[in-house]
Structure formats: structure tokens, C-alpha cells
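[1] how does the following fold in three dimensions:
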Amino acid sequence: MIAAALIAGCGGGSGTQPQVDVGPNVGQPISLADCNDWNQANTEQRLGTIQQLKDFAGGPVVGNNASSPSGTGAVLGDKQAYDLFNNYCKEQFARGFKLYKLYERAAAFSGQPEQ
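    Numbers count the residues shown, from 1 in each chain. Predicted coordinates for the structure are as follows:
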């Protein structure tokens, strides 16, 4: 929420770049978001983060030739991902766990390729 206030409150100086709106998320770049961020987020932010994770993890998988992907990454269903994060992130020991690591590891075992 602080970032939104800073963006809204920034004056238009010549050195400031506008922030691109990526939709609701837990308030951190997807590579930095952790369970602490998840616990502080509302439902809309959580669902937005799940969509960002799905877009990232379900992207092209490059095989031997970088110019021709050999498939797409595994993804979780939204409810499955939401339950995964709620179950892990409620634990005190998990507050620093990165969401993308939890997501990708779970998707590797039970996810399906992005359609």
C-alpha cells in the first residue's frame, strides 16, 4: 500500500519514470514476493499474484534450441495455488519463503502444462 501512496503522491519531476500498472499483486515483484507479503495482501492482490506466477511458470520451456520452445511450464489451478500459499504461509517458519519457489515446486509435481 505504501508503494501505491508513493506513486500517487509523486510529483512529475523530469527524472521520474511512470510506474507501469501490472494489476493487483501482493506489493512486490514476483521474484521477491514471500509469505509475509501473501499474509498482508487482500484476496484481489493474492489472485493477481497467482495469475502473475501462472504466466511466469507456464511460459515456454526452451530445449536444445532457444529459438524453438519445446513446450510450456507446469501450472497449478488457481484454487490449488491459493490453498498452497494459505497452508504454507500460515506457518511462522515460512514467512520468508518465496512464493515463486513454492509455486514452481508444487507445479512440478502436480501441475499441468499451460494450455
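[2] show me where the protein has strands.
    60-62, 69-72, 74-75, 112-113 (DSSP state E).
[3] count of neighbours near the residue nearest to residue 99 when sequence neighbours are not counted?
    Of all residues beyond its chain neighbours, the one nearest residue 99 is residue 33 (4.7 Å), with distances taken as C-beta to C-beta, 6 or more residues apart in numbering. Where you see a C-beta, it was placed from the backbone N, CA and C, and this is true even at glycine. For residue 33, the count of nearby residues is 22 (other C-beta atoms under 10 Å).
[4] so where's the chain uncertain?
    The model of the chain has pLDDT under 70 over residues 1-23, 66, 69, 111-115.
[5] swap in 50 and give it another go.
    Low-confidence segments of the chain, defined by pLDDT under 50: 1-21.
[6] would you tell me which helix is longest in the protein?
    In the chain, assigned by DSSP state H, the helix with the most residues is helix 43-57.
[7] buried stuff in that one?
    For helix 43-57, a neighbour-count test (16 or more other C-beta atoms under 10 Å) marks 45-50, 52-54, 57 as buried.
[8] from the chain's centroid, how far away is it?
    How far helix 43-57 lies from its chain's middle: 5 Å, per C-alpha atoms, centre = their mean, to the nearest Å.
[9] which helices and strands does it pack with?
    Secondary-structure packing of helix 43-57 (3 or more C-beta pairs under 8 Å, 6 or more residues apart in numbering; DSSP states H and E): strand 74-75, helix 78-89, helix 99-110.
[10] I appreciate the help and will end here.
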